[in-house]
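just a sequence and a predicted model for now, questions to come.
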Amino acid sequence: MKVLAVDDDRMTLRTLERLLDKFGFEPLLATNGNEAIRLFLEEQPRVLITDWVMPELEGPTVVKTIRALADTNYTYIIMLTSRQEKEDMLSGLLSGVDEFLVKPVDPDQLRARMRIAKRIINLQENLATRIRELELERQHVRILQGFLPICSYCKKIRDDENLWSQIEEYIAEHQENIQFSHSICPDCFETKVKPMQEAFFAKKAAEQANV
Amino acid sequence: MTNAITTSDNVQRARLDEIGLGDPEFTIELIDIMLEDGAERVRQMRAAFAAEQITELGRVAHALKGSALNIGAIALAGLCAEIDNSIRLTGAKVSESKISEVEAAFAGASAELSSIKQELSA
């Protein structure tokens, strides 16, 4: 798992690199906020560990930018700081930080925080996978619903309760805002209506002739 | 190499050993970074003080505090924290004697770190 660490202090950065490597992560290093954002876009790390006080972009600005840039993959963000005042903690949390780690880096605490990060990311990935599966299943159901058993002769439709109904009844029942205005198409006029008309007028003519 | 854990205000050996992960080469690398970057930051602090660049002085003090804490240079870290907090929280001016104290603390930490480096290299 890729972990991006950003700190302008060379010693802290080297320490983080060594510890992350030891804990089985793939460390990516940046010495300032702009470099961190570039690396974030290029490498898509799942965890960001950022210092607070840095030249150019400060930690909270980096966090806000990365939160705004992030796609569906959640990035777990740890703020590394020696600031422990309530206002600072609140400000960090509001910028989008998940967790704080107090300087100097304590190897045991870093390991524990990284375990939490891994757990949260795995949960998020499982959730995203489940959502994708449900979406596929929903599409599948929609396709199945699109198959309507229809009688080849009378064109009646069979519903979910195995009852056959006229197609207009079925549609009116399953589709809102549809009403039927009955009419006759030209083909049916020629094959159905016209013969009836002709028979009617012929009968009428025969009756008049008999009178 | 000796594994004896000693504590001094200049360098807390237990912290140095912890962050060095029991690896003499890595510990020496961290010591070298501190000697090099620390010296530069102490110079920057003196320059910022002379130029009355209070914000810059606070920023460098904050950075040196981080490195000093990381390597266990407790006295140096404490002095840098005083300067950092004083500027950030109250905006108060820093006295020249405080800068001299930082220089002295860094000299003390450097001497002890150099000694530890020799011990680890042996």
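Cool, the structure landed.

okay, and A:E198 sits in which element?
A:E198 belongs to helix A:194-210 when assigned by DSSP states H and E.

equivalent analysis for A:L20, please.
Secondary structure from DSSP H and E places A:L20 in helix A:10-22.

list the buried ones in that helix?
A:R10, A:M11, A:T12, A:L13, A:R14, A:T15, A:L16, A:E17, A:R18, A:L19, A:L20 (16 or more other C-beta atoms under 10 Å in any protein chain shown). To be clear about C-beta, it is placed using only N, CA and C from the backbone, and glycine gets the same treatment.

before we move on, what about stretch A:60-74?
In stretch A:60-74, counting by 16+ other C-beta under 10 Å, buried: A:P60, A:V62, A:V63, A:T65, A:I66, A:Y74.

that stretch and chain B in contact?
No. Between stretch A:60-74 and chain B, judged by C-beta under 8 Å from any C-beta of the partner chain, nothing touches; the nearest distance is 15.1 Å.

contacting residues around that stretch?
The contact list for stretch A:60-74 (C-beta atoms under 8 Å, 6 or more residues apart in numbering or on different chains) reads A:6, A:33, A:36-37, A:40-41, A:44, A:46, A:48, A:50, A:52, A:54, A:57, A:75, A:77, A:79, A:91-92, A:95-97, A:120-121, A:124-125, A:128.

and those, which are buried?
Buried by 16+ other C-beta under 10 Å: A:6, A:33, A:36-37, A:40, A:46, A:48, A:50, A:52, A:54, A:57, A:75, A:77, A:79, A:92, A:95-97, A:120-121, A:124, out of the contacts of stretch A:60-74.

tell me the domain ranges of chain A?
A:2-134, A:148-180, A:187-211 (automatic domain parsing).

out of these, deepest packed?
Of all the domains of chain A, domain A:2-134 carries the top mean neighbour count, a mean of 18, counting by mean count of other C-beta atoms under 10 Å in any protein chain shown.

end to end, how far does it reach?
Chord length of domain A:2-134, first to last residue, is 28 Å (C-alpha to C-alpha, to the nearest Å).
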